[in-house]
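*Asks:* could you look at this predicted model? Sequence included:
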Amino acid sequence: MEFILIFDLPKENAVDNVRINRALRKINAEMIQFSVWKSKNLQDLIDVASLIKKSGGEARILEERFVF
């Protein structure tokens, strides 16, 4: 099972955006779109989502399940 992280950061947080993208690459998450990443490791995504929220952003984690 894979999980999807969807997040949004305020544009003025460019430094935080770079830090979060590096954290996602470090855990070997795969970018689907700009602020949409997937990974098999739920706990790693939760850790990154917490970092996003501490930086003033919003984050959601979903289970990946394709219907069509």
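*Replies:* Yep, it's here. Numbering: from 1, shown residues only.
*Asks:* could you use CA atoms for every contact and neighbour count after this?
*Replies:* OK.
*Asks:* against which helices or strands is the helix or strand of the chain with the lowest mean pLDDT packed?
*Replies:* The helix or strand of the chain with the lowest confidence, counting by mean pLDDT, DSSP states H and E, is helix 14-26 at a mean of 94. Using 3 or more CA pairs under 8 Å, 6 or more residues apart in numbering; DSSP states H and E as the contact criterion, the elements in contact with helix 14-26 are helix 42-54.
*Asks:* can you give the contact residues for the helix it packs on?
*Replies:* 2-3, 5, 7, 9, 16, 20, 23-24, 27, 39, 58-61 (CA atoms under 8 Å, 6 or more residues apart in numbering).
*Asks:* follow-up on the earlier one: now the angle from the least confident helix or strand of the chain to helix 42-54?
*Replies:* Helix 14-26 runs at 180 degrees relative to helix 42-54, counting by axes from the mean of the first three to the mean of the last three CA atoms, to 10 degrees.
*Asks:* how about the CA coordinates for helix 14-26, as PDB?
*Replies:* The C-alpha coordinates for helix 14-26 follow below in PDB (Å, rounded to 0.1, in the frame of the first residue of the first chain):
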ATOM      1  CA  ALA A  14      10.600  29.600   0.200                       C
ATOM      2  CA  VAL A  15      13.200  28.300   2.700                       C
ATOM      3  CA  ASP A  16      10.700  25.900   4.300                       C
ATOM      4  CA  ASN A  17       9.600  24.700   0.800                       C
ATOM      5  CA  VAL A  18      13.200  23.700   0.000                       C
ATOM      6  CA  ARG A  19      13.600  22.000   3.300                       C
ATOM      7  CA  ILE A  20      10.400  20.000   2.900                       C
ATOM      8  CA  ASN A  21      11.300  19.000  -0.700                       C
ATOM      9  CA  ARG A  22      14.700  17.800   0.600                       C
ATOM     10  CA  ALA A  23      13.100  15.900   3.400                       C
ATOM     11  CA  LEU A  24      10.700  14.200   0.900                       C
ATOM     12  CA  ARG A  25      13.600  13.200  -1.400                       C
ATOM     13  CA  LYS A  26      15.600  11.900   1.600                       C
END
